[in-house]
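>>> Have a look; sequence and predicted model below, questions after that.
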Amino acid sequence: MTQMTHDEFKSEMTHYREDAERSAAENKDRYIVLDRLDRLYARFDEGERRQANRVVAEWLLSEVGGIRFEARHLVREFRISSLLPQLYESAAMLEASGAVPEADEAQLTRSLIQFLQPENVVVLQPARAYAASESAAERVG
């Protein structure tokens, strides 16, 4: 199977999102879009996620607020910290607009940036490693 080009992959993701938007409008349920994008992204393998992340990076800088919202949702849901540069760029772009809705959106973007910072990521020790540790002091330390 041949790998898709970026433009082909972007087109497929965009069509998928647009189909979800139509369904959401028909059912009067905006969360259909987020749910379907979550399911799509979750199915991607590592290579597809790299391609998807490029598309999500572009969506973060979209002129359309709904697309930026969906992109931020995917970044938060899947903790896509590799997109921090685009989040910073998006926040700066929104702040520079001077409009109140964009300023609020910039604040949401800044909160997402903070959420993705390494010091805010909790890594849990696997239970097997915990149980195999030699002493209670080692477990606590």
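Thanks, I have the structure now.

>>> where's the residue positioned nearest the centre of the chain, which helix or strand?
Closest to where the C-alpha atoms of the chain average out (C-alpha atoms, centre = their mean) is residue 75, at 1.5 Å. Using DSSP states H and E, residue 75 sits in helix 65-77.

>>> Residue 9: neighbour count?
The number of residues packed near residue 9 is 17, by other C-beta atoms under 10 Å. Yep, even glycine has a C-beta here, placed from its N, CA and C like the rest.

>>> give me phi/psi at the closest residue in space to it that isn't next to it in sequence?
Once flanking residues are discounted, residue 9 sits nearest to residue 51: 4.5 Å by C-beta to C-beta, 6 or more residues apart in numbering. Main-chain torsions, residue 51, degrees, to the nearest 10: phi -70, psi -40.

>>> Repeat that for the one 10 residues further on.
Main-chain dihedrals, residue 61, degrees, to the nearest 10: phi -100, psi 10.

>>> residues near it, how many?
15.

>>> How about the one 5 residues further on?
Using other C-beta under 10 Å, residue 66 has 13 neighbouring residues.

>>> And it, how far from residue 89?
In this view, residue 66 and residue 89 are 19 Å apart by C-beta to C-beta, to the nearest Å.

>>> can I get the CA coordinates of stretch 101-111 in CSV?
Once non-C-alpha atoms are left out, stretch 101-111 reads as follows in CSV (Å, rounded to 0.1, in the frame of the first residue of the first chain):
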residue,chain,number,x,y,z
PRO,A,101,-13.7,36.6,21.0
GLU,A,102,-10.1,36.0,19.7
ALA,A,103,-8.6,37.3,23.0
ASP,A,104,-10.7,34.7,24.9
GLU,A,105,-9.7,32.0,22.5
ALA,A,106,-6.0,33.1,22.9
GLN,A,107,-6.4,32.6,26.6
LEU,A,108,-7.8,29.1,26.0
THR,A,109,-4.9,28.4,23.8
ARG,A,110,-2.4,29.6,26.5
SER,A,111,-4.2,27.3,29.0
